[in-house]
Every structure is written in C-alpha cells, then in structure tokens.
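1. Give me coordinates for this.
(one chain, ligands or ions: 2)
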Amino acid sequence: MGVSKDFSVHFWGVRGSIPAPGAHTVRYGGNTTSLEIRCGNQLIAIDGGTGIRLLGESLLGAGPLHATLLMTHLHLDHVQGFPFFAPFLVPGNRFDIWSAHHNGTGVADILRQLFNQPAFPISMDMLKAELNFHTLQPGDTLQIGDATVRTARQRHPGDAVGYRIEYDGRSFAHCSDWEHPADGLDETLVDLVRDVDLMSIDATYTDDEYHGRAGPPRRGWGHATHTAALAHADAAHVRNTLLFHHDPARTDDQLDEIARTTLAHRRDVRFVAERQVFQVGQPLMLPARTV
Ligand SMILES: [Zn+2]
Ligand SMILES: [Zn+2]
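-> Ligands and ions are numbered 1, 2, ... in the order given. Got it, this is the predicted structure:
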C-alpha cells in the first residue's frame with residue numbers, strides 16, 4: 001500500500017470571539033476556531049476553540065494518536081474547547097503543542113488555569129495523554145514529519161501567529177486573528193502567504209462596521225474586513241481564499257448576502273462553514289465535502 005499524499009483541511013469551528021449557536025447560524029456554524037489538517041498520515045491541528053470537541057469525537061477509537069497542535073494565540077475563543085477535547089484523556093495519545101509566548105505566557109500555563117478549580121472539575125494531572133509543550137518565535141520554521149511549517153507574527157492585540165504549511169508541493173496558510181494596517185498592505189502577511197494554494201484568513205467585519213458607520217468603530221479590535229482580506233489575498237497571488245472568524249452576530253443570511261454583493265464574481269473566494277473539508281491544491285469551484 002502506498003503512502004497517502006492526502007493534504008486536506010477540515011474546519012471544525014469558524015466563528016470568532018465567542019460561540020454563536022442558534023437558528024440563524026446553523027449553516028455556517030457557531031463553534032470557535034478548530035482546524036484539522038492532514039498531511040498524509042500526519043495530523044496537525046490548529047487551536048482549541050469549541051470546535052475541537054467535535055474533532056475529538058471524530059478521533060476517538062482511531063488508535064493511539066500522535067498529533068501536533070499549533071496555537072495561533074491564547075485568547076479565550078481559541079482555547080476554551082480544550083477541557084472537552086476527549087483525546088487528552090486517553091492513555092497512549094501524544095500531543096506536541098506549539099505556541100509563542102503571549103503576554104509572557106504559553107499554552108501550558110493557560111491549560112493549567114483551564115483545568116483547575118474553580119473553572120473546571122478535572123485537573124491537568126488527570127489527563128492521561130502525553131502533552132509535550134514547545135515554544136516558538138514568530139518567524140521560526142518547524143519541520144513536522146514531511147510538512148514544513150513557516151510562522152509569522154500577526155497584527156493582533158497581544159500578537160497572534162500565522163502559519164504556512166507546505167507538503168508534497170502544495171501549501172496552505174491560516175491567518176487569524178489578524179488586523180490589516182490603516183493604509184497599504186501588511187507585507188509580513190503577504191510574504192507568509194505568497195502563492196499558497198489555499199488560505200483561511202480573518203475577515204470579521206464589513207467596511208461599514210470597521211469604520212464605525214454601523215455601530216462602534218472596530219479599528220484596533222484585532223480583526224480585518226472582508227475587503228482587506230481580499231486585497232491581501234490578491235497581492236500575495238493566493239489561489240483560493242476562505243474568509244474565516246465570522247463575527248458572532250453575523251447570521252447565515254447576512255453572510256450569504258455579503259457573498260452575493262462582495263464576492264459575486266470571485267470563484268476563488270468563499271465564506272468557510274463549519275465541518276467543510278477542502279483538498280489543498282484543488283479549486284474551490286468543486287463542492288467542498290461536508291461531513
Ligand atoms: Zn479569535
Ligand atoms: Zn484573538
């Protein structure tokens with residue numbers, strides 16, 4: 001049997017800031033950030049938002065897991081699913097968990113706070129999986145099996161890390177949470193994502209929201225507009241773009257309406273929905289497999 005060269009990205013949570021369940025978010029989903037990336041037999045996950053509970057359910061019974069977990073940053077919407085990630089309870093599982101230091105702390109400290117009274121009944125020493133914590137500096141390059149992972153610092157309060165994963169001649173980048181500059185392009189981001197086959201990128205706000213024509217101005221809140229996300233995708237010659245980190249107040253119908261007006265002629269761009277799976281290197285016009 002040959003070695004699989006599958007390179008896929010499965011989105012288990014696409015919502016920004018806080019989970020947003022309800023009748024108006026069923027199609028795009030209400031869970032916060034969790035991505036499952038498969039590079040052949042290698043499992044790389046990004047972030048531990050509430051979507052990681054679903055990823056965990058999908059992995060149970062799959063045998064001992066040796067996986068890598070990459071943290072963009074440690075804001076609550078990116079870590080709050082960890083207490084419900086069942087594979088952490090399974091002996092024999094092993095996770096290599098990478099994060100930068102954010103405001104002087106790393107992911108291990110955050111997990112110790114989450115898995116502790118009075119926040120949660122289960123403490124860290126009750127987790128049976130082996131958790132190995134590693135610190136990266138934005139700009140580092142990691143080698144994870146046959147995948148090469150480039151990193152870059154992103155414009156976000158307290159910083160975030162953007163990732164570019166290259167495998168078997170194909171490339172995927174994940175750039176959330178991120179705010180565009182007031183003028184011009186963020187050259188650090190453009191450099192990270194240049195020519196990738198697929199990118200998911202923070203696109204939380206409409207222009208009216210960001211500039212205060214619809215509610216309070218959102219400049220400085222750490223997130224980008226749809227327009228800015230597309231401008232950066234185009235400048236970097238990104239082949240296919242998934243708009244990500246949907247505002248918790250954004251309904252399914254509003255996302256569809258923005259897609260109709262802003263993305264009307266863009267077959268290379270779409271709002272990503274929870275549970276969608278994409279094959280890196282294939283055009284978006286093929287329907288994504290939804291499981
Ligand atoms: Zn976030
Ligand atoms: Zn954040």
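2. now D77: how far from A20?
-> Between D77 and A20 the distance is 10 Å, computed by Cβ to Cβ, to the nearest Å. No exception for glycine: its C-beta is placed from N, CA and C like everyone else's.
3. Which one of those two is surrounded by more residues?
-> Neighbours per residue (other Cβ atoms under 10 Å) separate D77 from A20, with D77 holding more: 23 against 20.
4. Would you double-check that the more buried one falls in a helix?
-> Yes. Applying DSSP: H, G, I helix; E, B strand; the rest coil, one finds D77 inside a helix.
5. Show me which residues of the stretch 151-291 of the chain sit near ligand 1.
-> D177 (Cβ under 5 Å from the ion).
6. residues contacting the residue in the stretch 151-291 of the chain that ligand 2 sits nearest to?
-> Per Cβ to the ion, D177 is where the stretch 151-291 of the chain lies closest to ligand 2, at 3.7 Å. By Cβ atoms under 8 Å, 6 or more residues apart in numbering, the residues touching D177 are G16, T72, H73, H75, H78, Q154, H156, A160, D202, G222, H223, H245.
7. Go ahead and list the helix or strand containing E209.
-> According to DSSP states H and E, E209 maps onto helix 207-210.
8. Can you tell me what sits against that helix?
-> By Cβ under 8 Å, 6+ apart, the surrounding residues in contact with helix 207-210 are R213, A214, G215, P217, R218, R219, T225, H226, T227, D247.
9. quick one: which of the residues you listed is nearest T32?
-> The nearest member of the contacts of helix 207-210 to T32, counting by Cβ to Cβ, is D247 at 12.0 Å.
10. What segments of this protein are helices?
-> Under the criterion DSSP state H, helices of the chain are mapped to 52-59, 107-114, 187-193, 207-210, 226-235, 252-262.
11. other SSEs contacting the third one?
-> Translated: helix 187-193. If you count contacts as 3 or more Cβ pairs under 8 Å, 6 or more residues apart in numbering; DSSP states H and E, helix 187-193 packs onto strand 147-154, strand 160-167, strand 170-175, helix 226-235.
12. which other helices and strands contact the shortest one?
-> In this case it means strand 170-175. Packed next to strand 170-175, using 3+ Cβ pairs under 8 Å, 6+ apart, are strand 7-13, strand 160-167, helix 187-193, strand 198-202.
13. One more pass at 7 Å, please.
-> If you count contacts as 3 or more Cβ pairs under 7 Å, 6 or more residues apart in numbering; DSSP states H and E, strand 170-175 packs onto strand 160-167, helix 187-193, strand 198-202.
14. Single out the most deeply packed of these.
-> strand 198-202 (a mean of 28; mean count of other Cβ atoms under 10 Å).
15. residues in contact with it?
-> 9, 172-178, 193, 223-224, 229, 233, 238-245, 272, 278, 280 (Cβ atoms under 7 Å, 6 or more residues apart in numbering).
16. does any bit of that strand sit next to ligand 2?
-> No. Applying Cβ under 5 Å from the ion, one finds strand 198-202 separated from ligand 2 by no less than 8.9 Å.
17. What angle do strand 147-154 and that strand make with each other?
-> Here strand 198-202 runs at an angle of 30 degrees relative to strand 147-154 (axes from the mean of the first three to the mean of the last three Cα atoms, to 10 degrees).
18. mind listing what strand 198-202 pairs with, with the direction of each?
-> Taking DSSP bridges as the criterion, strand 198-202 forms sheet pairs with strand 170-175 (parallel), strand 240-244 (parallel).
19. For it, the averaged confidence score.
-> For strand 198-202, mean pLDDT rounds to 98.
20. just the CA coordinates of that strand, formatted as PDB?
-> C-alpha atoms of strand 198-202 as PDB (Å, rounded to 0.1, in the frame of the first residue of the first chain):
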ATOM      1  CA  LEU A 198      -5.300  27.700  -0.100                       C
ATOM      2  CA  MET A 199      -5.600  30.300   2.700                       C
ATOM      3  CA  SER A 200      -8.100  30.900   5.500                       C
ATOM      4  CA  ILE A 201      -7.900  34.500   6.700                       C
ATOM      5  CA  ASP A 202      -9.600  36.700   9.300                       C
END
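21. Contact residues of the protein facing ligand 2?
-> So the chain meets ligand 2 at H75, D177 (Cβ under 5 Å from the ion).
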